[in-house]
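1. here is my input, please return the structure:
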Amino acid sequence: MFGNKRIACWMSEKKSQKVKWAEFEQVCSNYGYELFKLDLEKDIENQGPFSVFLHKLTDIIALANQGDAKSKNTINLVENYISTHPEIIVIDPIPNVRQLLDRYKAYSIIHATDLHKHGVFTPNFCEITTSNNQKTVEELNAACVTYPFICKPSLGHGSKKAHEMLIVFNEGNLRDCKPPCVAQAFINHNAILYKIFIVGDQYYFVERPSLKNFHASDQKTIFFDSSDVSKADSQSSLSVLDLEDEQIPKTRPDPIILGKIACTLRKAFKMDLLGVDVVIENFTGKYAIIDVNAYPGYDGFPNFYHALLKCIVDQVNSGINTERKHNLKVDCLNIIKTN
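-> Residues are numbered from 1 along each chain as shown. Next comes the predicted model:
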């Protein structure tokens, strides 16, 4: 079925600069694969054949969804090529990535899983589609979204604006929300975030700084960039706990629960490369999933390229075809914690 062992890879120049290509190529070679950069400015057919398409097309897909003509054309060319070559393994299928980019849809998918049985939940959320504050109040109430809440752009990728968020403390400041956006109830978690990195049937998690505890008040809206707050070396003032919160006991994450989250969301989104942001609610110890991303940075993931190639080889060896792209079956018992 796979007469060649070539991996076509496409990602943005910014993403490419973070990749250690020599090491990546060597690992591919160790697994018997040739790695090459796909040029989407040239005819794809002439660059083939290849058996695997590895991509980070999230920003282009997002721009296409916003109506950008060039991006729409690029995605159409890629999808047409894939449809005429159903034998190619795509990591990850573009339709699956597309649904993940819509935060409201992504939260709805998470909410529909059975993770609540394991003490895991999605904070109450709703979509804000209008500048009519009265209608927004009705939508917030219907979805049981309380103050304070995080206001996030509906589109999870595509520009720096996807990371520009607000903390809204009261009804008087609803005017600060710029639709379309998603309101998500804020969960106090003592400024500790856990990022789960999923690569096929393996996962790894790291601890990162996060937002301190907040409560409903007459405080003005706080504007922030989520990527600045949750960086490994972040020194954001928004992460500094108030004195009264410093004594709140820290709940250590349970690897079994994090593994259940990893397995369940991989199955729910039918994707192999995912990043999941999880916080543990103060006092209750419940786990709140606050965001999911396609093909995250994997900073700190040990031997990432080996994990990635194992994922690719597993997909190829399983003989996955077009049906797989629409119906990924996952054995949760194969999730491996490498932390």
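
2. and stretch 205-220, C-alpha only, in PDB?
-> The C-alpha coordinates for stretch 205-220 follow below in PDB (Å, rounded to 0.1, in the frame of the first residue of the first chain):
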ATOM      1  CA  PHE A 205       2.600  17.000  31.100                       C
ATOM      2  CA  VAL A 206       4.400  20.100  32.500                       C
ATOM      3  CA  GLU A 207       3.500  22.700  35.100                       C
ATOM      4  CA  ARG A 208       3.300  26.300  34.000                       C
ATOM      5  CA  PRO A 209       2.400  29.600  35.700                       C
ATOM      6  CA  SER A 210      -1.200  30.800  35.300                       C
ATOM      7  CA  LEU A 211      -3.600  33.500  36.500                       C
ATOM      8  CA  LYS A 212      -4.000  34.100  40.200                       C
ATOM      9  CA  ASN A 213      -7.300  33.800  42.000                       C
ATOM     10  CA  PHE A 214     -10.100  36.300  41.100                       C
ATOM     11  CA  HIS A 215     -13.600  37.000  42.400                       C
ATOM     12  CA  ALA A 216     -16.600  39.000  41.200                       C
ATOM     13  CA  SER A 217     -16.200  42.700  42.100                       C
ATOM     14  CA  ASP A 218     -16.500  46.200  40.700                       C
ATOM     15  CA  GLN A 219     -12.900  45.900  39.300                       C
ATOM     16  CA  LYS A 220     -12.300  47.000  35.800                       C
END
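
3. that stretch: which residues count as buried?
-> Across stretch 205-220, burial judged by 16 or more other C-beta atoms under 10 Å covers Phe205, Arg208, Pro209, Ser210, Leu211, Lys212, Asn213, Phe214. For every residue, glycine as well, the C-beta is placed using N, CA and C.

4. now swap in stretch 105-114 and tell me
-> For stretch 105-114, the neighbour count (16+ other C-beta under 10 Å) marks Lys105, Ala106, Tyr107, Ile109, Ile110, Thr113 as buried.

5. report the contact partners of the nearest residue to the fifth one once chain neighbours are set aside.
-> The shortest distance from Ile110 to any residue that is not its chain neighbour, by C-beta to C-beta, 6 or more residues apart in numbering, is 4.8 Å, and that residue is Thr122. With contacts defined as C-beta atoms under 8 Å, 6 or more residues apart in numbering, Thr122 is in contact with Tyr107, Ile110, His111, Ala288, Ile289.

6. quick revisit: make TSV from the buried residues of stretch 105-114 and add secondary structure and pLDDT to it.
-> As requested, these are arranged in TSV below (DSSP: H, G, I helix; E, B strand; the rest coil; pLDDT from 0 to 100):
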residue	secondary structure	pLDDT
Lys105	helix	95
Ala106	helix	96
Tyr107	helix	97
Ile109	helix	97
Ile110	helix	97
Thr113	coil	97
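
7. could you dump those to CSV with distance to Ala22?
-> Below are the buried residues of stretch 105-114 laid out as CSV (distance: C-beta to C-beta, whole Å):
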residue, distance to Ala22
Lys105, 38
Ala106, 35
Tyr107, 39
Ile109, 37
Ile110, 37
Thr113, 40
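
8. returning to that earlier point: how much space between the residue nearest to Ile110 and Gly259?
-> Using C-beta to C-beta, to the nearest Å, one gets 18 Å for the distance from Thr122 to Gly259.

9. can you count the residues close to Asp301?
-> Slight slip there: residue 301 is Phe, not Asp. Phe301 has 23 neighbours, counted by other C-beta atoms under 10 Å.

10. can you check the pLDDT for the residue nearest to Ile110?
-> Here, the pLDDT recorded for Thr122 equals 97.

11. same question for Val19.
-> Val19 is given a pLDDT of 89.

12. can you pull the contacts of it?
-> Contacts of Val19 (C-beta under 8 Å, 6+ apart): Met11.

13. and it, what helix or strand is that in?
-> Assigned by DSSP states H and E, Val19 falls within no helix or strand.

14. oh, and call the first residue 298 from now on, that's how I've got it
-> Sure thing, new numbering starts at 298, so read that last one as Val316.

15. neighbours around the residue lying closest to Lys457 once chain neighbours are set aside, how many?
-> Spatial nearest neighbour of Lys457, excluding adjacent residues (C-beta to C-beta, 6+ apart): Asp522 at 7.7 Å. Residues near Asp522, counting by other C-beta under 10 Å, number 14.

16. flag the shaky bits of the stretch 498-636 of the chain, pLDDT-wise.
-> Applying pLDDT under 70 to the stretch 498-636 of the chain flags the ranges 616-636.

17. that one: strands as residue ranges?
-> In the stretch 498-636 of the chain, the strands defined using DSSP state E, counting those that start in this stretch lie at 499-506, 519-522, 570-577, 584-591, 633-634.

18. let's have those strands in CSV, adding distance to Glu322.
-> Supplementary listing: the strands of the stretch 498-636 of the chain in CSV, determined by distance: least, C-beta to C-beta, whole Å:
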stretch, distance to Glu322
strand 499-506, 21
strand 519-522, 34
strand 570-577, 19
strand 584-591, 23
strand 633-634, 25
